[in-house]
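Trainee: pasting the sequence and the predicted model now:
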Amino acid sequence: MTMITPDPTPDRLTRVPGLLYGGDWNPEQWPEEVWAEDVKLMAEAGVNLVTIGVFSWARLQPDAHSWDFGWLDRLLDLLHGHGVAVDLATATASPPAWLVRAHPELLPVTADGVRLEFGSRQHYCPSSPAYRQAAVRLTRALAERYHDHPALALWHIHNEYGDHVQECFCAESAADFRRWLRERHGTVEELNRSWGTAFWSQRYNSFDQIEPPRTAPGPVNPTQVLDWRRFCSDALLALHRAEKAVLDDVSPGVPVTTNFMSMLKALDYWEWSRHEDLVSDDAYPDPADPRAHVNAAMNYDLMRSLKGGQPWLLMEQAPSAVSWRPVNLPKRPGLHRLWSLQALARGADGVLHFQWRASVAGAEKFHSAMLPHRGTTARGWRETVALGAELRRLGELAGSRLRARAAVLLDWDSWWALELDDHPSARMRWPELLRPWYAALHARGITVDFLPPTGPYDGYRLLLAPNLYLLDTATAERLTGFVRAGGHLVCGPFSGIADRHDHVHPGGHPGPLRELLGLVVDEHWPIPDGATTAVRLGDAHLRAEHWSEWIETEGAETLARYTSGELAGLPAVTRHRQGRGSAWYLSCHLGTDVGRVLDLPLAEAGLGPELPGLPEGVEATRRRAADGTEYLFLLNHGPAERRVPLERPGTELLTGTATGEGLTLAPLGAAVLRLPATEERP
Ligand code: GAL
């Protein structure tokens, strides 16, 4: 009888077992003799996946009539022979000179009408038929040639859509925009209604009269700009989908990804991730920023959330310094290890880099690499080898998942609309509103997911909405249902303002949230730059900056009041009990003080840190395997040694030692504990 052994890692990203480790390798920069050394060193470092071909278009297709695959055949065979799997790029991010000169119209044009030149990368108009046809042709040629190559483990479409070019204002883009608008609005009358063209004499008689929002004498119609943002995300996605369709057709069964750019305004990643087999991300936290790990944690939580908690892949990070900031600090010893473990702690099943071997020519020759210019005597190389060895020790946690009971609501449409011009204050920017909320949760050791406002909300007790400027009635009703059924919602200021056309909801702000929050906003009251308004919450004195609102309660209780300025005495923070839950409203931007308020709904929702007694500066997360085994990550981001109390004995996987009631973490120290399965934590 044949015993069927269940796959121990059913959730793994690719067919490569364990955690993925490696980076972009651009070997076309060197003679082939160097490749032999590279693969030998990859084995020494424990590299099991490399990304090939990201910028190889000009090499693969030297002109319109010829292909050169010989070098790539030899490269893939060489890697396979050394046990290294390949993440093969479709090579479409940097069209070659011959293509650009044959089709100069494929170069992108700025809002001011400047056509951008060849000589960098990503020089293409997202709506260019010539670019798209050539990209799809190249993708098909690669897929047909390599779909059954034994080294192939993952397809890597393009590279960082939206990195350099997010929009193009050329005639082809204009035509594509008009096509998109026709599809969205149906008739020009409907578009006129949606864009509110009755104001400022902007009425259109036909779609042909519409252009992209190029530089104009004054403010451009806001709904036109909002539709443009939606269109630009869709136009790039259409390119991605065209390549994905080819890969799905010719190379079924091999997963496909494109590398995201963390929380990028230009691309609606909820929509994009529906077209990914796995989510991958490029992350470059700044070693000069002592709070960089908080921002990184936030981005990693988003990446994990994009496909509902599925493990994701850190596709690129710098082994040490980057070369594109004005001043590029290296990572001090131990920092790269800690930050790599942080990605795993937040659900990644692999850490890859840009790039394997440091370039000696070109724009990125001062960017760090896994194999630095100095070679194997460099500190960087020792760290590359050491990290590879540690990842092998952690291989068993691949496929395990985090679980959060709180979620932050993020909506790209609302983000785009919030940041349109001519609002009460230009200081209301989504990242600035979100960051203090996230930092407060991070400091309290609370794991959060991200979620679109439409849900699904199952399993969450607390939803946090630092801002929901754009909100339709149906979503507001869903949120109301969540609260009435026992959930808790915390909503930040300037929410519930506009519908999807960016038309203000009639009848007073916060529009469709008015009943749920039990209040009405009489007037927005922005705070001038540099000034603050005092807020009193119980015994605590908080400070609002940038934004406050004159609100009147309609059933909500007042928890905090303004105590200075024009609004002194008026409610600042409220709670409205509805059904079995509660809806909280913060009418001002509280910056780093926001945590004092968030403590209240956190307590009401019964949410506490991943590990009780967590010392300051130590990040803790828990991944759980399908069999209930827990992996507790403890990461000391602070400059001082920290003692961490532990709930129960386990095994520390990096050192292979048994743990007791606590452990000590050195500065930048980390521990990954395997804890046997217990009853599910509530
Ligand atoms: C990324 C890009 C890589 C490399 C890297 C350097 O944005 O995808 O090709 O340029 O930055 O940090």
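Mentor: Yep, that arrived. Numbering: from 1, shown residues only.

Trainee: need the contact list for the residue positioned nearest the centre of the chain.
Mentor: Note on the chain: the residue nearest the mean C-alpha position is residue 262, at 2.9 Å, using Cα atoms, centre = their mean. By Cβ atoms under 8 Å, 6 or more residues apart in numbering, residue 262 lies in contact with 281-283, 299, 302-303. Any C-beta I mention is one placed from the backbone N, CA and C, and that applies to glycine too.

Trainee: keep only those residues that also lie close to the ligand.
Mentor: The overlap between those and the neighbourhood of the ligand (criterion: Cβ under 6 Å from any ligand atom) consists of residue 282.

Trainee: now residue 617, nearest residue through space, not along the chain?
Mentor: The shortest distance from residue 617 to any residue other than its chain neighbours is 2.9 Å, reached at residue 638 (Cβ to Cβ, 6 or more residues apart in numbering).

Trainee: that neighbour contacts residue 616, correct?
Mentor: Yes - look at residue 638 against residue 616 with Cβ atoms under 8 Å: they come within range, at 6.8 Å.

Trainee: more neighbours: the two, which one.
Mentor: Neighbours of residue 638 and residue 616, each counted by other Cβ atoms under 10 Å, are more numerous for residue 638; the result is 17 against 9.

Trainee: and the more buried one, which helix or strand is it part of?
Mentor: Following DSSP states H and E, one finds residue 638 outside all helices and strands.

Trainee: quick check: pLDDT value at the residue nearest to the centre of the chain.
Mentor: Residue-level confidence at residue 262 comes out at 98, pLDDT.

Trainee: so is it in a helix, a strand, or just coil?
Mentor: For residue 262, the assignment made with DSSP: H, G, I helix; E, B strand; the rest coil gives coil.

Trainee: what strand or helix carries the closest residue to it other than its chain neighbours?
Mentor: Sequence neighbours aside, residue 299 is the residue nearest to residue 262 in space, at 3.9 Å (criterion: Cβ to Cβ, 6+ apart). Take DSSP H and E as the rule and residue 299 turns out to sit in helix 292-306.

Trainee: which other helices and strands does the helix or strand following that helix contact?
Mentor: Toward the C-terminal end, the helix or strand that comes next after helix 292-306 (DSSP H and E) is strand 312-316. Packing contacts for strand 312-316, counted by 3 or more Cβ pairs under 8 Å, 6 or more residues apart in numbering; DSSP states H and E, involve strand 20-25, strand 280-282, helix 292-306, strand 348-353.

Trainee: in the first one, which residues are buried?
Mentor: Of the residues in strand 20-25, 20-25 count as buried by neighbour count, 16 or more other Cβ atoms under 10 Å.

Trainee: now do stretch 554-570
Mentor: Neighbour counts using 16+ other Cβ under 10 Å place 556, 559-563, 567, 570 of stretch 554-570 among the buried residues.

Trainee: quick check: mean pLDDT across that stretch?
Mentor: Here the average pLDDT along stretch 554-570 is 98.

Trainee: export that stretch to PDB, keeping only CA atoms.
Mentor: Taking Å, rounded to 0.1, in the frame of the first residue of the first chain, the C-alpha atoms of stretch 554-570 are listed here in PDB:
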ATOM      1  CA  GLU A 554     -26.600  63.500  18.300                       C
ATOM      2  CA  GLY A 555     -26.500  60.600  20.700                       C
ATOM      3  CA  ALA A 556     -22.800  60.100  21.100                       C
ATOM      4  CA  GLU A 557     -21.000  60.500  24.500                       C
ATOM      5  CA  THR A 558     -18.200  63.000  24.700                       C
ATOM      6  CA  LEU A 559     -15.000  61.400  25.900                       C
ATOM      7  CA  ALA A 560     -12.600  64.300  25.300                       C
ATOM      8  CA  ARG A 561     -13.100  68.000  24.700                       C
ATOM      9  CA  TYR A 562     -11.100  70.800  23.200                       C
ATOM     10  CA  THR A 563      -9.700  73.000  25.900                       C
ATOM     11  CA  SER A 564      -8.100  75.800  23.900                       C
ATOM     12  CA  GLY A 565      -8.800  77.900  20.900                       C
ATOM     13  CA  GLU A 566     -12.100  78.700  19.200                       C
ATOM     14  CA  LEU A 567     -13.500  75.200  19.800                       C
ATOM     15  CA  ALA A 568     -12.700  75.200  23.600                       C
ATOM     16  CA  GLY A 569     -15.500  73.200  25.400                       C
ATOM     17  CA  LEU A 570     -16.700  71.400  22.300                       C
END
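
Trainee: touching that stretch from outside, list them.
Mentor: Residues from elsewhere that reach stretch 554-570 (Cβ under 8 Å, 6+ apart): 514, 517-520, 525, 527, 533-538, 541-542, 544, 548-551, 571-577, 583-585, 588, 597, 600.

Trainee: restricted to strands, list these.
Mentor: Assignment to strands by DSSP state E places the following of those there: 519-520, 533-537, 541-542, 544, 549-551, 571-577, 583-585.

Trainee: can you tell me how far residue 389 is from the ligand?
Mentor: Counting by Cβ to the nearest ligand atom, to the nearest Å, the gap between residue 389 and the ligand amounts to 25 Å.

Trainee: typo on my end, residue 160
Mentor: Counting by Cβ to the nearest ligand atom, the gap from residue 160 to the ligand is 4 Å.

Trainee: and for residue 156?
Mentor: Summarising the geometry, the distance separating residue 156 from the ligand, computed by Cβ to the nearest ligand atom, is 11 Å.
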